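Colleague: mind looking at a prediction? Sequence and model below.
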2 protein chains.
Amino acid sequence: MTTYKAPLRDIRFLMNEVFHYPEHYKTLSNAENIDQDTVDMILEGAADYCENVLAPLYQTGDDEGCHFKDGVVTTPKGYKEAYEQFVQGGWQGLSYPEEFGGQDLPMSLNLIKSEMMGTANWSFTMYPGLSMGCMNTIMQFGTPEQKTTYMPHLVAGTWSGTMCLTEPQCGTDLGQVKTKAEPNADGSYDITGTKIFISAGEHDLTENIVHIVLARLPNAPQGTKGISLFIVPKFLPNTDGGVGERNAVNCGSIEHKMGIKASATAVLNFDQAKGFLIGEPNKGLHAMFTFMNTARIGTAVQGIAHAELSYQGSLPYAKQRMSMRALSGKKDPDKPADAIIHHADVRRMLLTQKAIAEGGRAMIYYAAQLADKMNDALKRGDQAEFEAYDDKLGFYTPILKGFLTELGFEAANHGMQVFGGHGYIKEWGMEQIVRDARISTLYEGTTGVQALDLIGRKVLLSSKGKIIRDYTAEILKFCGRHARNKYLRRFIWDLTKLCAQWNAITVRIFLAARKDRDVVSAASVDFLMFSGYVMMAYFWAQQAAIASEKIEAGDGAETIEFYKAKIKLADFYFDRILPRSQGHAESAVTPSKSLIGLPVEHFSFDY
Amino acid sequence: MTTYKAPLRDIRFLMNEVFHYPEHYKTLSNAENIDQDTVDMILEGAADYCENVLAPLYQTGDDEGCHFKDGVVTTPKGYKEAYEQFVQGGWQGLSYPEEFGGQDLPMSLNLIKSEMMGTANWSFTMYPGLSMGCMNTIMQFGTPEQKTTYMPHLVAGTWSGTMCLTEPQCGTDLGQVKTKAEPNADGSYDITGTKIFISAGEHDLTENIVHIVLARLPNAPQGTKGISLFIVPKFLPNTDGGVGERNAVNCGSIEHKMGIKASATAVLNFDQAKGFLIGEPNKGLHAMFTFMNTARIGTAVQGIAHAELSYQGSLPYAKQRMSMRALSGKKDPDKPADAIIHHADVRRMLLTQKAIAEGGRAMIYYAAQLADKMNDALKRGDQAEFEAYDDKLGFYTPILKGFLTELGFEAANHGMQVFGGHGYIKEWGMEQIVRDARISTLYEGTTGVQALDLIGRKVLLSSKGKIIRDYTAEILKFCGRHARNKYLRRFIWDLTKLCAQWNAITVRIFLAARKDRDVVSAASVDFLMFSGYVMMAYFWAQQAAIASEKIEAGDGAETIEFYKAKIKLADFYFDRILPRSQGHAESAVTPSKSLIGLPVEHFSFDY
């Protein structure tokens, strides 16, 4: 049975000591809302809710799953009550405007709340999570009337939202969307089509569900330039703002999935459902991209969530399960065998999980500050500043989403492996983490999609590699600043070499791609993974730098052990995880010949 | 819905062209039983049975699972009928002696049959698979009477067998076994204790189940030197050889598992069950080790089975699913998008699966010849020759089991990833392969156990690294022989460097371990994985060598494309998979400090 304890010590280390959140918050336009007491209250309140309400429903929700009957979806026992507490706590409105009933706090706090919630119970967190995409879309592109109609309910959490993109024939390639929107005389539209994989598409937690639907207007241009966005509520809003007539959107079924079983994934049939255009006609896909970065970083959180949960599950087992003797001599001489935490290989699995969770958390908490600044610019209507931060975030996004979800899945597998055969048994809860983690590399753009976004769009097309030059210059500046720090010496040395290598690989791919464009796709995932390992190394070095300052300053002597452990874990990362970057570096610069040279019919000979 | 087509072309390539099975079979003492027609009949008969009987039950068995009620286990619909066909086909007796009703064919043919069966339906294959451990034990250590009593039924498959090792408090560390054996006046023993994770421990496929149980005699020495083996049949045999009185061994429950759900994993309660000592008292664990290599190689097969099945599942999808355009230009210009097989990154995932399946198959088919020779020596009672081959096989075993199951799981995940979000949905069958594959790195010794066996026992303790020197010498001989083959040039060059590196790493670990024994465990899995990647590279080079000969000879022009594809896939392996060895090489020689230096209490600060 897994449990969850919010890692508040680590969260505060990152917020207060590494990334100086208090100073950061003062630079935002809603700074007056936020002081340390508020932050503490939110962190502790979220921790309490996650540990005591959400975590106990994690395994039971998986066992029971969601129920579907005659178009109605029922969530597992206890989910409705937990969601009511969520609404009562005002958690949905944390970083949404006061005018709609929210608390107007920075997005980063919301993300940290979501991390805790997602770690305690990812399936549950999907329901309020999907609402965010819907709210962001309405806030940014809705008419004043649309905002007044939907936002207060959504911000309160009494209504929820979805994003209806995928259809049976297309997911990544949304240019193939077929759902149709026919105009009505009253200015509304009749929406007809089938959407699949709609998370939170139907459920019993809220009184209404507001779908944001991608569809085509009559005579819209083909492909991605002919897609518009529509608001299609499950129940049409009444004139008094409440829930009115049932709309013609129906849940045809829910998917049977490998994991996240307490999250309902709906097939939605729109049968001349009434919809309302939101944003400009045919600009729907562009509008969707506005929140792409934050949505994907929200999914990147899943990587650290499952790494953390898996670590928390496997650590007590490793301390308590006894098997064989440590190679360096008995550690528990009075027991029939030593606890398995004394075996170096078991430590390797434990520390890999911990290094991924804490390293990834640092990456996300840094990106969350960029997201704060981006949102702040958006709120202030400063388009140029918005785009500048969006671009900056756009470099981190595919790395965080692609790399952290791959590593999160790996971590979950290590947690299970620590249990030996017991890890395969449902009761322990460890295999559920593996199954739940598995979706994270698939949705919100597969790892391959992230990788192509990174190397293709962000590195080669928009910047001809400049983005890597700039980023490595930033790392090298850090290296220069800490060159004489004895705790950091080996990190600095490794990072310096890796920065040179990162640029060299980029140039080689750039040159090769001129002659052979398939090289870009062929190299993409290796380039993404290489980038991720180097970036995480940089964030580990940053954590070690702060820890070493604290140790040297001698303050916080009672928690000095925390800082020592941070440096040790950074060491571990550089020793045992970072070397993988070299395999990716080598594969990334290999010509695409052995991938592309094989004719399709040579892929098989027997079948 | 997954299907299975036995890859007979590849199987025959390995048997006839790469490893010269026909010649090999002539060297065995049962050579007179085996000619090409027999082999063909067995391959084709097994393929037919696997494709048409077992494969269709793969997904339905997972959906339904096994049923448990009042100590009785019922297998999923169709399993009993499929097992009856298995018995009628005489498949269980393939490589067991004629005197017990078997066909006395080489073990390797049995392994190839098991590979096909396991690929079609791993859960099903567990039932007859477990009988083999039981049969081997009785054949080797049983009294003539025990053989007569049990072997004919087991060889026919009308009875099945199990190996009862694990108990709640111990799996790997069998020295902690507590199950007791109290002698009775009639020479039998009363067996009392609880065994868990007993695959095929209870089911409805056979009329009797013969358990081989690890237990302690009164006053037995503590630890591994006080364990004896007992035969404990579910039903005591009658004097007429049939099934008699029910024995006091009962199934307390079956486990709820992540996968292989059609395979019943039983908790068995022995409550003064009647047992019969087999082999010498207190030498039970030693006896178990006799068949350790073949049992573990049987599990290594799971790696290639799932890689193959996953490849077969994802290939047609990649040819048919259309998304985006290939970077090098439209490939299906008349379609709304190109088939995803035209994206280099999708090919990377497909070819990774194929390279693992075919590379791993080659490794196993080579090891199977060693197993044939080992068994032949055992049969002839030539203990010295048996031990020589057992030692040889003992080097391959941990690499095959540890490395191939890790890669099989990876391959299954690639297959699922090719499907994008659809991969997460049960109907497609791809996520089942991932769940089923996940057990393979846990049972029959975890990857960590294999790794410690390799570096600790096989490389350092027994041979001080000589085993690596010898093996790399063999590879270098191959390199020398093919140095002028234009198809193989880059393989030769890479292998030569890797051989030097393999020895260098071994020496460094050996020296470091003198001062710090934890280094051995710390380095173990990286050393195992490095060894696996190099060994698989060697087997890819061997396949490429044969393929190049065929191409040069110009014969078999109609299948020349098969050989070309082999060389391309070898290229792919060296380009895109083998480079990972470098990360493992680097981590393997890192001091254990960052793993062992962290005090246990520093593993967490919040919880």
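Modeller: In hand now; what should we look at?
Colleague: briefly note if the helix or strand harbouring A:Gly298 comes near chain B.
Modeller: Assigned by DSSP states H and E, A:Gly298 falls within helix A:292-320. Yes - applying Cβ under 8 Å from any Cβ of the partner chain, one finds helix A:292-320 touching chain B at A:Gln312, A:Leu315, A:Lys319. C-beta here means a position set from N, CA and C on the backbone, and glycine is covered the same way.
Colleague: so A:Glu444 is in contact with A:Leu400, correct?
Modeller: No - with contact defined as Cβ atoms under 8 Å, A:Glu444 does not count as touching A:Leu400 (11.2 Å).
Colleague: give me the common contacts of those two.
Modeller: Applying Cβ atoms under 8 Å, 6 or more residues apart in numbering or on different chains, one finds that A:Glu444 and A:Leu400 are jointly contacted by A:Arg296.
Colleague: and those two? Which one has more around it.
Modeller: Shown here are A:Glu444 and A:Leu400; by other Cβ atoms under 10 Å in any protein chain shown, A:Leu400 has more neighbours (28 against 21).
Colleague: pLDDT score assigned to the residue nearest to that one when sequence neighbours are not counted?
Modeller: Closest residue to A:Leu400 apart from its sequence neighbours, by Cβ to Cβ, 6 or more residues apart in numbering or on different chains: A:Ala300 at 3.9 Å. According to the per-residue confidence, A:Ala300 scores 98 in pLDDT.
Colleague: tell me the contacts of A:Ala300?
Modeller: A:Ala300 sits next to A:Gly360, A:Ile364, A:Thr397, A:Leu400, A:Lys401, A:Leu404, A:Thr405 when contact means Cβ under 8 Å, 6+ apart.
Colleague: the longest strand along chain A packs against which elements?
Modeller: Here the longest strand in chain A is taken by residue count, with DSSP state E as the criterion, and it is strand A:265-278. In this structure, strand A:265-278 makes packing contacts with helix A:122-141, strand A:180-183, strand A:189-199, strand A:208-215, strand A:228-233, strand A:249-254, judged by 3 or more Cβ pairs under 8 Å, 6 or more residues apart in numbering or on different chains; DSSP states H and E.
Colleague: each with direction, which strands does that strand pair with?
Modeller: Each strand paired with strand A:265-278, and its direction, by DSSP bridges: strand A:189-199 (antiparallel), strand A:228-233 (antiparallel), strand A:249-254 (antiparallel).
Colleague: that one: what's the following helix or strand?
Modeller: helix A:284-290.
Colleague: tell me which residues in that next one are buried?
Modeller: For helix A:284-290, the buried set under the neighbour-count rule, 16 or more other Cβ atoms under 10 Å in any protein chain shown, comprises A:Gly284, A:Leu285, A:Ala287, A:Met288, A:Thr290.
Colleague: would you tell me whether the helix or strand hosting A:Ala544 gets close to chain B?
Modeller: In this structure, A:Ala544 is located in helix A:518-553 according to DSSP H and E. Yes - judged by Cβ under 8 Å from any Cβ, helix A:518-553 comes into contact with chain B at A:Asp518, A:Val519, A:Val520, A:Ser521, A:Ala522, A:Ser524, A:Val525, A:Asp526.
Colleague: okay if I get these as CSV plus pLDDT?
Modeller: Conversion of the residues of helix A:518-553 next to chain B to CSV gives the following (pLDDT from 0 to 100):
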residue, pLDDT
A:Asp518, 95
A:Val519, 96
A:Val520, 97
A:Ser521, 97
A:Ala522, 97
A:Ser524, 98
A:Val525, 98
A:Asp526, 98
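Colleague: does A:Ser253 have beta-bridge partners, and which?
Modeller: Partner residues in beta bridges with A:Ser253, using DSSP bridges, are A:Val267.
Colleague: okay, now the domains of chain A?
Modeller: Structural domains assigned to chain A are A:8-288, A:306-444, A:451-596, following automatic domain parsing.
Colleague: which one of these is the most hemmed in?
Modeller: Mean neighbours per residue, mean count of other Cβ atoms under 10 Å in any protein chain shown, is largest over those for domain A:306-444, with a mean of 23.
Colleague: work out the gap between stretch A:84-95 and the centre of the chain.
Modeller: 20 Å (Cα atoms, centre = their mean, to the nearest Å).
Colleague: and the contacts of that stretch?
Modeller: For stretch A:84-95, contacts defined as Cβ under 8 Å, 6+ apart pick out A:42, A:45-46, A:49, A:53, A:100-107, A:109-110, A:113, A:128, A:131, A:154-158, A:375.
Colleague: what residues does the stretch 51-200 of chain A put near chain B?
Modeller: A:Thr166, A:Gln169, A:Cys170, A:Gly171, A:Thr172, A:Asp173, A:Gly175, A:Gln176, A:Phe197.
Colleague: tell me the pLDDT at the fourth one?
Modeller: In this model, A:Gly171 is scored at 95, pLDDT.
Colleague: that one is in contact with A:Phe197, isn't it?
Modeller: Yes - contact criterion Cβ under 8 Å: A:Gly171 and A:Phe197 qualify, at 7.2 Å.
Colleague: need the overlap of contacts for those two.
Modeller: A shared contact of A:Gly171 and A:Phe197, defined by Cβ under 8 Å, 6+ apart, is any residue touching both; here these are B:Gly421.
Colleague: what about A:Asp555, which SS state?
Modeller: Per DSSP: H, G, I helix; E, B strand; the rest coil, the local secondary structure of A:Asp555 is coil.
Colleague: and the gap between it and chain B?
Modeller: Here the criterion is Cβ to the nearest Cβ, to the nearest Å. By it, A:Asp555 lies 17 Å from chain B.
Colleague: ok, A:Met322 next?
Modeller: Using Cβ to the nearest Cβ, we find A:Met322 at a distance of 8 Å from chain B.
Colleague: now swap in A:Ala371 and tell me
Modeller: Relative to chain B, and taking Cβ to the nearest Cβ, A:Ala371 is found at 25 Å.
Colleague: which ones are touching the closest residue to A:Leu452 other than its chain neighbours?
Modeller: Beyond its immediate neighbours in the sequence, the residue positioned closest to A:Leu452 (Cβ to Cβ, 6+ apart) is A:Ser524, lying 5.0 Å away. Taking Cβ under 8 Å, 6+ apart as the definition of contact, the neighbours of A:Ser524 are A:Gly448, A:Ala451, A:Leu452, A:Leu454, A:Ile455, A:Gly456, B:Ala344, B:Asp345.
Colleague: what packs against whichever helix or strand the third one is part of?
Modeller: Of the helices and strands defined by DSSP H and E, A:Leu452 is found in helix A:447-452. Counting by 3+ Cβ pairs under 8 Å, 6+ apart, the packing neighbours recorded for helix A:447-452 are helix A:383-418, helix A:518-553, helix B:344-380.
Colleague: dump those to a markdown table, plus distance to A:Leu460.
Modeller: Below are those laid out as a markdown table (distance: least, Cβ to Cβ, whole Å):
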| stretch | distance to A:Leu460 |
| --- | --- |
| helix A:383-418 | 13 |
| helix A:518-553 | 7 |
| helix B:344-380 | 15 |
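Colleague: quick one: contacts for the spatially closest residue to A:Thr352 that is not a sequence neighbour?
Modeller: In space, not counting the residues next to it along the chain, A:Thr352 is nearest to A:His414; the distance is 5.4 Å by Cβ to Cβ, 6+ apart. Applying Cβ under 8 Å, 6+ apart, one finds that A:His414 lies in contact with A:Ser310, A:Ser314, A:Met349, A:Leu350, A:Thr352, A:Gln353.
Colleague: wait, the second one sits on A:Val418?
Modeller: Yes - the pair A:Ser314 and A:Val418 qualifies as a contact (Cβ under 8 Å) at a distance of 4.0 Å.
Colleague: so what sits against both of the two?
Modeller: Taking Cβ under 8 Å, 6+ apart as the contact criterion, the common neighbours of A:Ser314 and A:Val418 are A:Met349, A:Leu350.
Colleague: the residue of the stretch 1-150 of chain A found nearest chain B in helix, strand or coil?
Modeller: Residue of the stretch 1-150 of chain A nearest chain B, by Cβ to the nearest Cβ: A:Lys5 (3.7 Å). When states are read from three-state DSSP, the local structure at A:Lys5 comes out as coil.
Colleague: could you do A:Glu202 as well?
Modeller: Classified using three-state DSSP, A:Glu202 is coil.
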